[in-house]
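>>> missing the sequence, but the structure's below:
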């Protein structure tokens, strides 16, 4: 198994309860209004709902100090988007793992037979229909009807496979973005194909909820299918899919004979090469929202194994040296390069960006099961976008777009939300 709670006991014991996981580093703050980084602690204002609070809970679980697993405990463990902001903030000053102990706590609880009833619907949908949307597997490829694109599941060959992801396949309002993506790639001369009704979930939600068996099944199946198809590149528009493929798939130890790229990386290169020419002016003041899974969570995770020695009673030396993932190497510049390439667009940055970006609120099953937290979190980001005078918020993740649109509709706001592919299509 990938997640073992015992592997993180050292990190959980060394958590000093300093609460620095609750905010961006002081040097990154620009105002008190947008000085939080964790939606859960900002919303519920009780330490257990923070990264450090969940570390304490995980340690108690690992050491057998919990007399019973209550509904309240499960609510605390899962009322979290697993955005990783606590992890990035902690690592500004320390080298503790915060996010992976949370993942491991969930996996441990699932192994004990505990889960929220709301999550059982998602997992059953994965087991029966290969998607998280409670929709028929047979309908997965309908978004591409009439596109004249190669279908690898029918034996056709292509250099590149486009993985749409569950939400783009089944959300009728967002499916047009997947269609536009394939159209853009074909117009640029890319030899692209899809897997149609045989495409399956990336396994991201299963992993984040602690269902390791289900995650491994989907991840290994995807790797095997893409290897067998002979593709050299897997492109996805889904930040969640990209993040899990880049950060966790390599831990399975299976050979991946292909590169994984997010559509923003690919479009950025096509624009630089002159294969896509953005000539139509779009006069608009916009801001860009960094999806967590495209940014700080997309670094390939390397779990540390070795020996620790304490020096002078307090300093920890590790052999071999630990690779610390601080979120610095996420996909931050390609989306911004694309936006700046559009004539007439004025890009303004929000206060919390890149590795310290505020979450959209939809991640880790929260959108499907705790929509109140998801919408509140999105509304905070919308206020931040409006505070810099933005007319529209651009993102590169279907879950972010879906949640922002829902929050704007509920609030009766007029801020526009665009996927970056929509922006490119409009500018051609």
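Thanks, I have it. Here the structure is a predicted model, which means the values were calculated and not measured.

>>> Relative to the centre of this structure, find the outermost residue for me.
Distance from the C-alpha centroid of the chain peaks at residue 312, with 39.6 Å (Cα atoms, centre = their mean).

>>> Tell me how far that one lies from residue 300.
33 Å (Cβ to Cβ, to the nearest Å). C-beta coordinates here come from the backbone N, C-alpha and C atoms, glycine included.

>>> same check, this time on residue 317
Using Cβ to Cβ, residue 317 is found at 24 Å from residue 300.

>>> For the two, indicate the residue with more neighbours.
residue 300 (15 against 11; other Cβ atoms under 10 Å).

>>> And the helices in the stretch 201-350 of the chain, which stretches?
Assigned by DSSP state H, counting those that start in this stretch, the helices in the stretch 201-350 of the chain fall at 204-209, 212-229, 239-247, 263-272, 333-341.

>>> Out of those helices, flag the one nearest residue 323.
helix 239-247 (12.6 Å; Cβ to Cβ).

>>> All the helices of the stretch 51-200 of the chain, in order from the start?
Under DSSP H, counting those that start in this stretch, the stretch 51-200 of the chain gives helices at 51-62, 71-78, 85-90, 99-111, 117-129, 166-170, 175-187.

>>> Can you tell me which of those helices is packed in deepest?
Burial of the helices of the stretch 51-200 of the chain is given as mean neighbour count (mean count of other Cβ atoms under 10 Å); helix 85-90 ranks first at a mean of 27.

>>> residue nearest the centroid of this structure?
The centroid of the chain falls nearest to residue 293 when counting by Cα atoms, centre = their mean (2.6 Å).

>>> burial count for the nearest residue to it once chain neighbours are set aside?
Nearest residue to residue 293, sequence neighbours excluded (Cβ to Cβ, 6 or more residues apart in numbering): residue 243, at 3.1 Å. Residues lying near residue 243 (other Cβ under 10 Å) number 30.

>>> thinking residue 243 is in contact with residue 298, fair?
Yes. If you go by Cβ atoms under 8 Å, residue 243 and residue 298 touch, sitting 4.7 Å apart.

>>> what's the burial count for the spatially closest residue to residue 296 that is not a sequence neighbour?
Spatial nearest neighbour of residue 296, chain neighbours left out: residue 327 (2.9 Å); criterion: Cβ to Cβ, 6+ apart. When counting by other Cβ under 10 Å, one arrives at 25 neighbours for residue 327.

>>> State the pLDDT value of residue 327.
Residue 327 is assigned a predicted lDDT (pLDDT) of 95.

>>> same question, residue 373
For residue 373, pLDDT reads 98.

>>> List the buried residues in stretch 363-376.
Neighbour-count burial for stretch 363-376 flags 363-371, 373-375 (criterion: 16 or more other Cβ atoms under 10 Å).

>>> Equivalent analysis for stretch 206-222, please.
Result for stretch 206-222 [16+ other Cβ under 10 Å]: buried residues 206-212, 214-219, 222.

>>> What lies in contact with it?
Contact with stretch 206-222 is made by 1-3, 78, 82, 103, 105-111, 115, 119, 122-123, 126-127, 130, 163, 200-204, 244-245, 248-249, 252, 254, 363-365, as judged by Cβ atoms under 8 Å, 6 or more residues apart in numbering.

>>> In space, what's closest to residue 301 - neighbours in sequence excluded?
residue 247 is the one closest to residue 301 (Cβ to Cβ, 6+ apart), at 4.8 Å.

>>> neighbours of that neighbour, just the number please.
20.

>>> for the buried residues of stretch 363-376, which one is nearest residue 58?
Closest to residue 58, out of all of these and judged by Cβ to Cβ, is residue 364, at 15.6 Å.

>>> Which residues lie in contact with that closest one in this structure?
78, 80-83, 205, 208-209.

>>> how far away is the residue lying closest to residue 47 once chain neighbours are set aside from residue 83?
For residue 47, ignoring the flanking residues on the chain, the nearest one in space by Cβ to Cβ, 6+ apart is residue 53 at 4.4 Å. Using Cβ to Cβ, we find residue 53 at a distance of 15 Å from residue 83.

>>> and if you look at residue 196?
For residue 196, the distance to residue 83 (Cβ to Cβ) stands at 32 Å.

>>> The two: which is more packed in?
residue 83 (29 against 20).

>>> I'd say the more buried one and residue 290 touch.
No. Contact criterion Cβ under 8 Å: residue 83 and residue 290 do not qualify, at 10.6 Å.

>>> sorry, back to before: among the contacts of residue 364, find me the one that's closest to residue 134.
Checking these one by one against residue 134 (Cβ to Cβ), the nearest turns out to be residue 205, at 12.4 Å.

>>> The residue lying closest to residue 349 once chain neighbours are set aside bridge partners, please.
In space, residue 349 comes closest to residue 287 once its chain neighbours are excluded; the distance is 6.6 Å by Cβ to Cβ, 6+ apart. Beta-bridge pairing for residue 287 (DSSP bridges): residue 393.

>>> Number of residues surrounding residue 287?
When neighbours are counted by other Cβ under 10 Å, residue 287 comes out with 25.

>>> quick one: it and residue 216, what's the gap?
Note on residue 287: its distance to residue 216, by Cβ to Cβ, is 38 Å.

>>> same question, residue 66
From residue 66 over to residue 216 the distance is 27 Å, taken as Cβ to Cβ.

>>> same deal with residue 167?
Counting by Cβ to Cβ, the gap from residue 167 to residue 216 is 22 Å.

>>> Which residue ranges of the chain form strands?
Assigned by DSSP state E, the chain shows strands spanning 150-151, 160-163, 192-194, 233-236, 259-262, 284-288, 307-311, 315-319, 345-347, 392-395, 416-419.

>>> okay if I get those strands as a markdown table plus distance to residue 90 and mean pLDDT?
What follows is those, written out as a markdown table (distance: least, Cβ to Cβ, whole Å; pLDDT from 0 to 100):
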| stretch | distance to residue 90 | mean pLDDT |
| --- | --- | --- |
| strand 150-151 | 45 | 96 |
| strand 160-163 | 32 | 98 |
| strand 192-194 | 40 | 98 |
| strand 233-236 | 29 | 98 |
| strand 259-262 | 26 | 98 |
| strand 284-288 | 25 | 98 |
| strand 307-311 | 18 | 87 |
| strand 315-319 | 15 | 86 |
| strand 345-347 | 30 | 98 |
| strand 392-395 | 25 | 98 |
| strand 416-419 | 31 | 98 |
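
>>> now for those strands, which one comes closest to residue 355?
strand 284-288 (14.2 Å).

>>> In the closest one, which residues are buried?
Quick answer for strand 284-288 (16+ other Cβ under 10 Å): 284, 286-288.

>>> by contact count, what packs against it?
helix 333-341, strand 345-347, strand 392-395 (3 or more Cβ pairs under 8 Å, 6 or more residues apart in numbering; DSSP states H and E).
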